[in-house]
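Asker: pasting the sequence and the predicted model now:
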Amino acid sequence: MRVHLIAIGGSAMHNMALALHEKGFNVSGSDDEINEPSKSRLARAGILPAAIGWFPEKITADIDAVILGMHAREDNPELIRARELGLKIYSYPEYIYEATKDKTRVVIGGSHGKTTITAMILHVLHYHKKDTDFMVGAQLQGFDTMVRLTKDAPIAIIEGDEYLASPIDRRPKFHLYKPNIALLSGIAWDHINVFPTFDIYVRQFETFIDLIEPGGSLVYCGEDQELVKAAKGSGLHNHIHKIAYAVPVHVIENGITYLLPQGAKIPLEVFGNHNLMNLEGARLVCNQLGIPDAMFYEAIQSFKGAAKRLELVTRTTDFAFYKDFAHSPSKLKATTASVKQQFPDRYLVACMELHTFSSLNETFLAEYNGAMNAADEAIVYFNPHTIAHKKLKPITEEQVLKYFNRPDLKVFTESAALVNYLKHKAWKQHVLLMMSSGNFDGIDFSALGSTLQI
């Protein structure tokens with residue numbers, strides 16, 4: 001089987017390439033930019049393109065499948081050549097479905113928590129040595145790649161993103177997977193460049209529910225009212241089984257969260273109501289896969305979280321520093337509240353970066369009203385050059401202050417100035433939380449943590 005990946009250097013795409021190479025396929029690819037860690041990982045596997053750029057001459061009639069990454073454009077010369085030759089062209093999610101259509105597909109969707117819930121399920125299955133294929137949006141401890149596609153694994157665990165499938169396929173990715181078991185964690189408007197109104201955004205989740213295989217099941221967060229409405233009104237024709245979940249019974253003692261199922265006391269490495277709801281959803285999915293509660297709780301105790309999902313950077317007896325992927329309003333609220341709940345007696349400094357298309361859009365900024373109110377001190381960072389690069393209308397510090405609706409909010413537009421401010425604070429009995437889908441224009445969190453005054 002010969003497969004060519006257009007835009008092989010992306011996070012998901014290079015993991016797909018590695019998975020197919022591991023499967024024994026003849027893998028090639030191209031990209032106009034390949035950064036670390038993709039570059040080194042592709043090189044170690046012997047499938048790093050010899051040169052950067054697009055080479056239509058690479059596209060020949062003997063290629064069995066072309067996989068098109070979202071980073072490529074519709075006028076990509078390799079894509080044009082593949083179409084001329086009449087080759088089979090898949091989007092990334094189309095190929096995932098093609099490789100898993102004979103397996104039990106579990107698809108984890110929702111505006112937040114997808115990666116964490118997927119990681120929790122995989123952790124439990126891996127702990128109990130259950131063979132499974134998967135696709136997850138972050139590198140996980142104990143897993144070599146973010147994608148695994150095999151011939152024999154009976155199950156496929158798939159993180160289902162609602163963003164577009166490819167430059168030539170405007171369907172949301174998660175519409176293409178047709179799950180046997182689905183989970184939805186919540187609905188909070190995002191990706192306004194693709195879904196310009198909240199109603200259009202919600203419709204994508206209703207369609208997803210309708211695409212669950214007949215007789216399948218939907219596990220969903222019963223504390224999200226928009227999701228409850230969507231679950232109630234969808235999935236009627238396919239006769240699916242619907243199971244709601246909420247925050248499980250728990251207690252926090254000396255900074256450690258314990259679950260309290262049926263009189264037991266289960267210590268956890270993770271914390272926060274949103275993580276506990278994620279965990280409850282993962283438990284119900286695992287039940288559907290034949291993992292009883294006792295086996296689930298045994299395994300989940302050692303789950304430390306997915307990369308950049310409340311990931312501990314450094315900690316002392318008097319200080320803790322976490323980084324998180326949170327960037328949308330709902331994620332900021334949940335993450336900030338969770339850290340404050342876990343450390344109620346410490347002063348919480350929460351800092352977030354406006355980095356995505358939606359967050360840098362003046363219209364969407366109003367959605368951030370009160371999003372960081374759980375923090376004792378709130379900081380917002382944005383880079384005007386990023387806004388210019390995305391060809392968006394400039395936003396001002398005054399607009400950020402207005403829409404976050406917090407008079408004491410601190411706003412920074414230079415990364416060095418933010419680092420300097422943090423370095424000159426006293427951090428004893430404090431918690432620092434840095435949240436972004438980017439990296440605050442190159443801040444080294446480990447180096448920052450080692451230089452703070454504790």
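Answerer: Everything's here; your move.

Asker: residue 351 touches residue 415, doesn't it?
Answerer: No: the pair residue 351 and residue 415 does not pass the contact test of CB atoms under 8 Å, sitting 11.4 Å apart. From N, CA and C alone the C-beta is placed, and that goes for glycine too.

Asker: more crowded one of the two?
Answerer: Ranked by neighbour count (other CB atoms under 10 Å), residue 351 and residue 415 place residue 351 first, with 24 against 16.

Asker: tell me the secondary structure at the more buried one.
Answerer: strand (DSSP: H, G, I helix; E, B strand; the rest coil).

Asker: excluding its backbone neighbours, what's nearest it?
Answerer: Distances taken as CB to CB, 6 or more residues apart in numbering place residue 379 nearest to residue 351, at 4.0 Å, with adjacent residues excluded.

Asker: how about the secondary structure of the one you found?
Answerer: Three-state call for residue 379 (three-state DSSP): strand.

Asker: quick one on the thing from earlier: so what sits against both of residue 351 and residue 415?
Answerer: residue 381 (CB atoms under 8 Å, 6 or more residues apart in numbering).

Asker: what's around the residue nearest to residue 351, how many residues?
Answerer: Residue 379: 21 surrounding residues under other CB under 10 Å.

Asker: repeat for residue 255
Answerer: 13.

Asker: hmm, residue 336 is touching residue 374, no?
Answerer: Yes: with contact defined as CB under 8 Å, residue 336 and residue 374 form a contacting pair (4.4 Å).

Asker: looking at those two, which is more packed in?
Answerer: residue 336 (24 against 19).

Asker: what's near enough to touch the more buried one?
Answerer: Here residue 336 is in contact with 326, 348, 350, 371-375, 433, 435 (CB under 8 Å, 6+ apart).

Asker: just the residues you listed: which are in strands?
Answerer: Taking DSSP state E as the definition of strands, these contribute 348, 350, 433, 435.

Asker: redo those residues as a markdown table? Include pLDDT.
Answerer: Below are the ones in strands among the contacts of residue 336 laid out as a markdown table (pLDDT from 0 to 100):
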| residue | pLDDT |
| --- | --- |
| 348 | 98 |
| 350 | 97 |
| 433 | 97 |
| 435 | 95 |
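
Asker: re earlier: dig out what the residue nearest to residue 351 forms beta bridges with.
Answerer: Residue 379 has these beta-bridge partners by DSSP bridges: residue 351, residue 410.

Asker: what's near enough to touch it?
Answerer: Contacts of residue 379 by CB under 8 Å, 6+ apart are 349-352, 409-412, 418.

Asker: buried sites along stretch 399-408?
Answerer: Across stretch 399-408, burial judged by 16 or more other CB atoms under 10 Å covers 400-401, 403-404, 406.

Asker: and for stretch 376-392?
Answerer: Neighbour counts over stretch 376-392 (16+ other CB under 10 Å) mark 377-383, 386-387 as buried.

Asker: that stretch: end-to-end distance?
Answerer: End-to-end distance of stretch 376-392: 31 Å, with CA to CA, to the nearest Å as the criterion.

Asker: now residue 107, nearest residue through space, not along the chain?
Answerer: The spatial neighbour of residue 107 that comes closest, neighbours along the chain excluded (CB to CB, 6+ apart), is residue 179 at 3.8 Å.

Asker: show me the contacts for residue 146.
Answerer: Counting by CB under 8 Å, 6+ apart, residue 146 touches 11-12, 15, 135-140.

Asker: buried subset of the residues you listed?
Answerer: Buried residues within the contacts of residue 146, counting neighbours by 16+ other CB under 10 Å: 11-12, 15, 135-140.

Asker: pipe those into TSV and attach secondary structure, distance to residue 168 and pLDDT per row.
Answerer: Putting the buried ones among the contacts of residue 146 into TSV (DSSP: H, G, I helix; E, B strand; the rest coil; distance: CB to CB, whole Å; pLDDT from 0 to 100) gives the following:
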residue	secondary structure	distance to residue 168	pLDDT
11	helix	20	88
12	helix	17	90
15	helix	22	94
135	strand	21	95
136	coil	25	92
137	coil	22	81
138	coil	27	78
139	coil	28	74
140	coil	30	79
